[in-house]
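Trainee: Generate a structure from the sequence data that follows.
(4 chains)
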There are 2 protein chains.
Amino acid sequence: MPGTPEEREESLDVIQRELTAFARRARAAAARLHPELPLVSYTLLAHIEDQHGCRATDLAAHYMLDKSTVSRQIGTLEKLGLVERHPDPDDHRIQVLHPTAAGTQALASTQASRRMAYQERLADWTEEDLARFAEYLLRYNSAGDTATATPQPPKA
Amino acid sequence: MPGTPEEREESLDVIQRELTAFARRARAAAARLHPELPLVSYTLLAHIEDQHGCRATDLAAHYMLDKSTVSRQIGTLEKLGLVERHPDPDDHRIQVLHPTAAGTQALASTQASRRMAYQERLADWTEEDLARFAEYLLRYNSAGDTATATPQPPKA
DNA sequence: TTAACTCGTTGTACTATACAACTGAAAATC
DNA sequence: GATTTTCAGTTGTATAGTACAACGAGTTAA
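Mentor: Numbering: from 1, shown residues only, chains lettered A, B, ... in the order given. Here you go, the predicted structure:
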């Protein structure tokens, strides 16, 4: 059904506008959802777990952050007892990061409350729509990886 | 095809993860896209134009920001000569905000570069997928409006 | 005419961030 | 094998963005 260039433009504008609006609200929403765990740290911690351990540099690349930023975030997480650093025996420059037990647990509980919020918000979506939306987001984000950021091994 | 609760869960998790990843990258991406216009200010300016003038309070509600934050952002925009404040004749508490000519122009040029970036990024999507993605985002965001933020007249 | 509320500003503090300069370790080059 | 280059991470410094609290001025309700 769709096909004219105008419709394409229109869709692009909507996508741009809505993604921006989402991004702008995300911080506040996240702060409400889990005030206990510093927002950014949470994200990094999640990625560390997702990867079953990774380096600070990987985090920086994945989230387009400066290494100094990551360094400080990791420092915070460590102070909170949520991550551990294990020096790589083969390369002493590298610190392999892992969630501690407390980190894993904090993540789980946060994840649970997030999941609930999303469930509620998307309650009246059909499975088909959810699946498609998820697929679109994956596609959108992975396009960004190759286009703008440091090349990155496909996320798992 | 989809239908099991497990698939639904899975989709929700993907949506959650990918939206979060997007939000975390958005700042950096926006900074690259238009370093000249302070990121947040840009967003507010865009909303002001979209609404054909609005109050600071409206902006705060729409983006879930504190009024002090908005106040300072508007101050910045004013210093840059991109917005004007017109006191409402009927209610002296209210300042109606409008983009200046320079503001409109800055917005247009920024919008153009953003549109280009999106075009490139989504170049290989079909019109149909774009339309559906746009629709999903709209639906997702509008759900958020009613669920989490101050009630808000449907955005235009 | 007070009291309560609304819109916006200012003081203060904190988080997240970048950039640049640096340290220590590994790899590459000679 | 010594020197240079590159890589991983930290620390100093500066800045944006944000919230919360206290306030000022205007409006509405008692």
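
Trainee: make it CA atoms for all contacts and neighbour counts henceforth
Mentor: Will do.

Trainee: for chain A, which helix is longest?
Mentor: The residue-count maximum for a helix in chain A (DSSP state H) belongs to helix A:5-33.

Trainee: Which neighbouring elements make contact with that helix?
Mentor: Helices and strands touching helix A:5-33, as assessed by 3 or more C-alpha pairs under 8 Å, 6 or more residues apart in numbering or on different chains; DSSP states H and E, comprise helix A:39-50, helix A:101-121, helix B:5-33, helix B:56-63, helix B:101-121, helix B:127-148.

Trainee: Quick one: check that helix for contact with DNA strand D.
Mentor: Yes. Applying C-alpha under 7 Å from any atom of the strand, one finds helix A:5-33 touching DNA strand D at A:24, A:28.

Trainee: buried stuff in that helix?
Mentor: Going by neighbour count (16 or more other C-alpha atoms under 10 Å in any protein chain shown), the buried part of helix A:5-33 is A:8-9, A:11-30, A:33.

Trainee: What of stretch A:62-79?
Mentor: A:62, A:63, A:64, A:65, A:70, A:73, A:74, A:75, A:77, A:78.

Trainee: that older thread, mind putting the helices and strands packed on helix A:5-33 into JSON lines with mean pLDDT?
Mentor: Converted to JSON lines, the helices and strands packed on helix A:5-33 look like this (pLDDT from 0 to 100):
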{"stretch": "helix A:39-50", "mean pLDDT": "90"}
{"stretch": "helix A:101-121", "mean pLDDT": "90"}
{"stretch": "helix B:5-33", "mean pLDDT": "87"}
{"stretch": "helix B:56-63", "mean pLDDT": "95"}
{"stretch": "helix B:101-121", "mean pLDDT": "90"}
{"stretch": "helix B:127-148", "mean pLDDT": "83"}
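
Trainee: Cross-check the buried residues of stretch A:62-79 against DNA strand C and keep the overlap.
Mentor: Answer for these near DNA strand C (C-alpha under 7 Å from any atom of the strand): A:64, A:65, A:73.

Trainee: which residues touch the second one?
Mentor: When you say that, I think you mean residue A:65. Going by C-alpha atoms under 8 Å, 6 or more residues apart in numbering or on different chains, residue A:65 touches A:59, B:28.
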